[in-house]
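Undergrad: Any chance you can model this:
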Amino acid sequence: MQIADLYIGALGVFVPPVVSVEWAVERGLYPAEEAEAHELGGVAVAGDIPPPEMALRAAQQAVKRWGGSPKEFDLLLYASTWHQGPDGWPPQAYLQRHLVGGDMLALEIRQGCNGVFSALELAAAYLRADPDRTSALIVAADNYGTPLVDRWRMGPGFIGGDAASALVLTKRPGFARLCSLASKGLPEIESLHRGDEPLFPPSITRGRPTDFSARIGQQFATRSPASLAMADIQDHMTEIAERALAGAGIGMADVARVSFMNYSREVVEQRCMAAWGLPLSRSTWEFGRGIGHCGASDHLLSMEHLVRTGELAPGDHVLQLATAPGLVVSSAVLQVLESPDWDA
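TA: Numbers count the residues shown, from 1 in each chain. Just a heads-up that it's a prediction; the model follows:
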């Protein structure tokens, strides 16, 4: 999807204190061999702060940086990957009550780690469908410090980090431009993150822990069709990234930084950077290794960090690339237009 008329008004983040990998290894929470192999540094841990409260804090920061009114939004999209509060309760309503009000469409997006990409696609179409609509608020939040999931062992090549992020998408001028979006579903790989667990009753209602490592391991151990289809995942990722670059009218040589999910060094290098012969230094791995894989927030956290620390200059392009259960591959290209003065 080529986009020429939508901008990023501001970004907001909430990142709690970080616990080091060394601390986890000393206490037997994280295997020493994995710490050595993956080279991850730490993980953000929010304690008992509810995800909707984290999302509210990130959204408040984004709105403050933007300078507009929270009542101006025409759409609120809330991306999540883990439980947000009492089952059956919509977390986006918490932000409506405490920040933006109820005069807008508000939805929760459950697209795994790619939730923000899906939210951007939906928000772009929604805003462009009506000339009177001007701005959307996209948030993401997760806290994995709950029963039935072990942040240190929940999936291969990553540790689950707690964080929240927010993005203002607007037709008005912003500090960055959303240049393009691209996504692709690979339903032939659907069972990879499901494993051999029954569809009903849902495992969480039976007290069964969520363990993606076990599910994925079962699929590869049995050489399931999904596991065999993973042999082509790199081709699909390259295709979607190239589609996003083409939509933005640029090539990989024009990209200043590449943002991938906050995974281990070998995953970021082999699954992302090696496809274009790029050094790891042009990725966001160094930042991401210190906070963990924060659900759908990874790319917004990385973008906010790059902008706030001056690692991106006006004119720079950022390629964002991710995968999520389903399996879904998503990509976006953003261009920095100015260096915002974010002192809070």
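Undergrad: so where do the strands sit in the stretch 101-250 of the chain?
TA: Using DSSP state E, counting those that start in this stretch, the strands of the stretch 101-250 of the chain run over 105-109, 135-142, 163-170, 176-185.
Undergrad: Quick one: closest of the ones you listed to A58.
TA: Among the strands of the stretch 101-250 of the chain, the nearest to A58 by Cβ to Cβ is strand 163-170 (4.1 Å). (C-beta placed from N, C-alpha, C; glycine too.)
Undergrad: So what are the sheet partners of the closest one and their directions?
TA: strand 7-14 (antiparallel), strand 135-142 (antiparallel) (DSSP bridges).
Undergrad: Give me the distance between the two termini of stretch 288-301.
TA: 9 Å (Cα to Cα, to the nearest Å).
Undergrad: do stretch 306-325 as well
TA: End-to-end distance for stretch 306-325: 27 Å, by Cα to Cα.
Undergrad: for it, the distance to its chain's centre please.
TA: Distance of stretch 306-325 from its chain centroid, counting by Cα atoms, centre = their mean, to the nearest Å, is 12 Å.
Undergrad: Spit out the contact partners of V267.
TA: G157, F158 (Cβ atoms under 8 Å, 6 or more residues apart in numbering).
Undergrad: if I read this right, T284 contacts V307, doesn't it?
TA: No. Counting by Cβ atoms under 8 Å, T284 stays clear of V307, with 11.8 Å between them.
Undergrad: picking that back up, and the strands paired with strand 163-170, which is most packed in?
TA: Of all these, strand 135-142 has the most neighbours on average by mean count of other Cβ atoms under 10 Å, namely a mean of 30.
Undergrad: what's the closest of the strands of the stretch 101-250 of the chain to H236?
TA: Comparing the strands of the stretch 101-250 of the chain against H236 with Cβ to Cβ, the closest turns out to be strand 176-185 (6.3 Å).
Undergrad: Check which helices and strands the closest one sits against.
TA: Other helices and strands packing on strand 176-185, by 3 or more Cβ pairs under 8 Å, 6 or more residues apart in numbering; DSSP states H and E, are strand 7-14, helix 115-128, helix 233-248, strand 328-336.
Undergrad: Okay, W23 and A44: tell me how far apart.
TA: 13 Å (Cβ to Cβ, to the nearest Å).
Undergrad: swap in G249?
TA: Taking Cβ to Cβ, one finds G249 at 36 Å from A44.
Undergrad: Which of the two has more residues huddled nearby?
TA: Neighbours per residue (other Cβ atoms under 10 Å) separate G249 from A44, with A44 holding more: 25 against 12.
Undergrad: Backbone dihedrals for the more buried one, please?
TA: Dihedral angles of A44 (phi, psi; degrees, to the nearest 10) stand at phi -80, psi 130.
Undergrad: got a list of what it touches?
TA: V15, P16, P17, V18, V19, G161, D162, A163, I291, G292, C294.
Undergrad: redo that, cut-off 6 Å
TA: Neighbouring residues of A44 by Cβ atoms under 6 Å, 6 or more residues apart in numbering: V15, P16, V18, G161, D162, A163, I291, G292.
Undergrad: Check the first one and give its pLDDT.
TA: According to the per-residue confidence, V15 scores 98 in pLDDT.
Undergrad: Isn't it up against A163?
TA: Yes. Contact criterion Cβ atoms under 6 Å: V15 and A163 qualify, at 5.0 Å.
Undergrad: So which of the two has more stuff around it?
TA: A163 (31 against 22).
Undergrad: Tell me the bridge partners for that one.
TA: Assigned bridge partners for A163, using DSSP bridges, are D142.
Undergrad: go on, A136?
TA: Bridge pairing for A136 - DSSP bridges - gives L75, L169.
Undergrad: what about the closest residue to D211 other than its chain neighbours, neighbour count?
TA: In this structure, D211 finds its nearest non-sequential neighbour in M154, 6.7 Å apart by Cβ to Cβ, 6 or more residues apart in numbering. Number of residues near M154 (other Cβ under 10 Å) recorded here: 19.
Undergrad: I'd say M154 and L148 touch.
TA: No. In this structure, M154 is not within contact of L148 by Cβ under 6 Å, at 10.4 Å.
Undergrad: Can you lay out the strands of the stretch 101-250 of the chain as CSV showing distance to R271 and mean pLDDT?
TA: Listed next are the strands of the stretch 101-250 of the chain as CSV, based on distance: least, Cβ to Cβ, whole Å; pLDDT from 0 to 100:
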stretch, distance to R271, mean pLDDT
strand 105-109, 24, 97
strand 135-142, 22, 98
strand 163-170, 22, 98
strand 176-185, 15, 97
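Undergrad: So which of these is nearest E121?
TA: Using Cβ to Cβ as the criterion, the shortest distance between E121 and those is 5.3 Å, found for strand 176-185.
Undergrad: So, low pLDDT: which residues of this structure?
TA: By pLDDT under 70, the low-scoring segments of the chain are 344.
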